[in-house]
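S.K.: Got a sequence here, can you build the structure:
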Amino acid sequence: MSEGSCDLSLKKEGRRSKFETSSTFSPLTARLQLLGRGFSGQIAVGKMEGEEGMNEDAAVTMEERVLAMLGTTSEYAKRLDGIVFDMERVLDSKPAVLLGYDVSFERLERFAPPGLCIVEIAGKKILVNLAILDRRMPWGPDPASRQNKPPLIMDISPGLAAPRLLNAHDLPHTEGPDNAISTVGNSRLYYMTSEICDMMTEIRQLIADGERVIEKRRQWHSCWCPATIWGCLMGLPVVFWSDSESEKRTCLSDQADSLWEVEWIDGEARLPVYSFLIPHSLMTASLKAFLQRWTDSIFDRHLPHQSFYMLQTRVSPRSRPGPLTSL
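M.R.: Here you go, the predicted structure:
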């Protein structure tokens, strides 16, 4: 999307962090230099009791990891709180996070939280938590994972008069059979959904096998769309798909129709865990029921930080970035 606006470069800046750096040398600067010499691989993320007396045996905070990963002079260090929030969520409740800044594989391997897979797809790096991904999406190899439903796939190809759902058959038909759009009878749409699911299953396996860079392959020629792949890995309930890889060429470009921005917000932190866009013409009672079912399925009462609520806001397409870049 974002459809999802989970791209870290688009996060709200929020409050200024106490870790925002200056040009003066400090105990934190020394700490980051220790991390830069390779200590981060041997120590766990934990709560830092104070900057004084820090050494390589102390627990590393997520703030320190992010600053070491980005560099203290990075413009994104000023948005530390939102980036740290996303990194924490990918460890406990979110399948993946899409990085909206340029950082090398080397720095990610040294400073990113342990246990995450690092992969680059269509020029953007993603941190993936395979354990959470397999609990949420049907791309995993075990039978329990295959029982999960795929996200709703919204076709916004430039040749269409209006956006449409490729897999509307996965919606709960709360509006009755007359208003329920069936794609089972449309073989092209039905098999396109199947091809996308097959592609995601293969991509998930490549990530598990340690593939660093995943590029378009011959067998994915008809279904490849980077925004779709990013959204599927991040566990979004709704993703956009287009037969054009151009970010600007979609059927939404010529439409005056509004978009709905749907955010799943952590009420305590006031930051979105998930954010994605839905064309107003597709925001039906059936789709709202689908979103509610998705919300119920991902809520985890064992996570103490969860105080989430769903926020839906109607916005003008011209006030938003393109749907293929707003992930």
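
S.K.: worst-scoring helix or strand of the chain, pLDDT-wise?
M.R.: Within the chain, no helix or strand scores below helix 27-36, which has a mean of 55 by mean pLDDT, DSSP states H and E.

S.K.: So which bits of the longest helix seen in the chain are buried?
M.R.: Looking across the chain with DSSP state H, the single longest helix is helix 187-208. For helix 187-208, a neighbour-count test (16 or more other C-beta atoms under 10 Å) marks 189, 192-193, 195-197, 199-201, 203-204, 206-208 as buried. Bear in mind the C-beta positions are built from the backbone N, C-alpha and C, glycine included.

S.K.: One more: stretch 159-175?
M.R.: In stretch 159-175, counting by 16+ other C-beta under 10 Å, buried: 163-169, 171, 173.

S.K.: Can you name the residues that contact the residue lying closest to residue 195 once chain neighbours are set aside?
M.R.: Of all residues not flanking residue 195 in the chain, residue 223 sits nearest, at 4.3 Å (C-beta to C-beta, 6 or more residues apart in numbering). Counting by C-beta atoms under 8 Å, 6 or more residues apart in numbering, residue 223 touches 192, 195-196, 199, 241.

S.K.: So what's the residue count around the spatially closest residue to residue 204 that is not a sequence neighbour?
M.R.: Counting by C-beta to C-beta, 6+ apart, residue 204 lies nearest to residue 139, which is 3.9 Å off, once chain neighbours are set aside. By the criterion of other C-beta atoms under 10 Å, residue 139 has 26 neighbours.

S.K.: pretty sure residue 139 is in a strand, no?
M.R.: No. When classified by DSSP: H, G, I helix; E, B strand; the rest coil, residue 139 is found to be coil rather than part of a strand.

S.K.: ok, it - contacts?
M.R.: Contact analysis of residue 139 by C-beta under 8 Å, 6+ apart lists 133, 145, 197, 200-201, 203-204, 232.

S.K.: So what does it have for phi and psi?
M.R.: phi -90, psi -10 (degrees, to the nearest 10).

S.K.: how far away is it from residue 89?
M.R.: Separation of residue 139 from residue 89 (C-beta to C-beta, to the nearest Å) stands at 20 Å.

S.K.: shaky segments in the stretch 51-200 of the chain?
M.R.: 51-58, 72-74, 76-78, 172-187 (pLDDT under 70).

S.K.: So which residues of it form helices?
M.R.: Assigned by DSSP state H, counting those that start in this stretch, the stretch 51-200 of the chain shows helices spanning 62-70, 80-92, 105-111, 130-136, 143-146, 187-208.

S.K.: Contacts for whichever helix or strand comes after the longest one, please.
M.R.: On the C-terminal side of helix 187-208, the closest following helix or strand by DSSP states H and E is strand 213-214. Counting by C-beta under 8 Å, 6+ apart, strand 213-214 makes contact with 119-121, 203, 206-207, all of which sit outside it.

S.K.: Same check on stretch 189-200?
M.R.: 137-139, 150, 153, 155, 164, 166-167, 169, 183-184, 219-220, 222-224, 228-229, 232-233, 241.

S.K.: do that again at 10 Å, thanks
M.R.: Contact with stretch 189-200 is made by 133, 137-139, 146, 150-153, 155, 164-170, 181-184, 186, 216-217, 219-225, 228-229, 232-233, 239, 241, 243, as judged by C-beta atoms under 10 Å, 6 or more residues apart in numbering.

S.K.: In three-state terms, how would residue 274 be classified?
M.R.: Residue 274 ends up strand, using three-state DSSP.

S.K.: Verify the stated contact: it with residue 262.
M.R.: Yes. Using C-beta atoms under 10 Å, residue 274 is in contact with residue 262, at 7.9 Å.

S.K.: now the strands: where do they sit in the protein?
M.R.: 96-98, 117-121, 124-128, 152-155, 164-165, 213-214, 238-241, 259-266, 271-279, 308-315 (DSSP state E).

S.K.: The fourth one packs against which elements?
M.R.: Using 3 or more C-beta pairs under 10 Å, 6 or more residues apart in numbering; DSSP states H and E as the contact criterion, the secondary-structure elements in contact with strand 152-155 are strand 164-165, helix 187-208, helix 226-233, strand 238-241, strand 271-279, helix 285-298.

S.K.: and the angle for the fifth one with helix 80-92?
M.R.: Here strand 271-279 runs at an angle of 80 degrees relative to helix 80-92 (axes from the mean of the first three to the mean of the last three C-alpha atoms, to 10 degrees).

S.K.: With the second one instead?
M.R.: Here helix 187-208 runs at 90 degrees with respect to helix 80-92, directions being taken by the same axes, to 10 degrees.

S.K.: how far off strand 124-128 does helix 187-208 point, in degrees?
M.R.: For helix 187-208 against strand 124-128, the angle by the same axes, to 10 degrees is 70 degrees.

S.K.: and the angle from helix 187-208 to strand 117-121?
M.R.: Using the same axes, to 10 degrees: helix 187-208 against strand 117-121 is 130 degrees.
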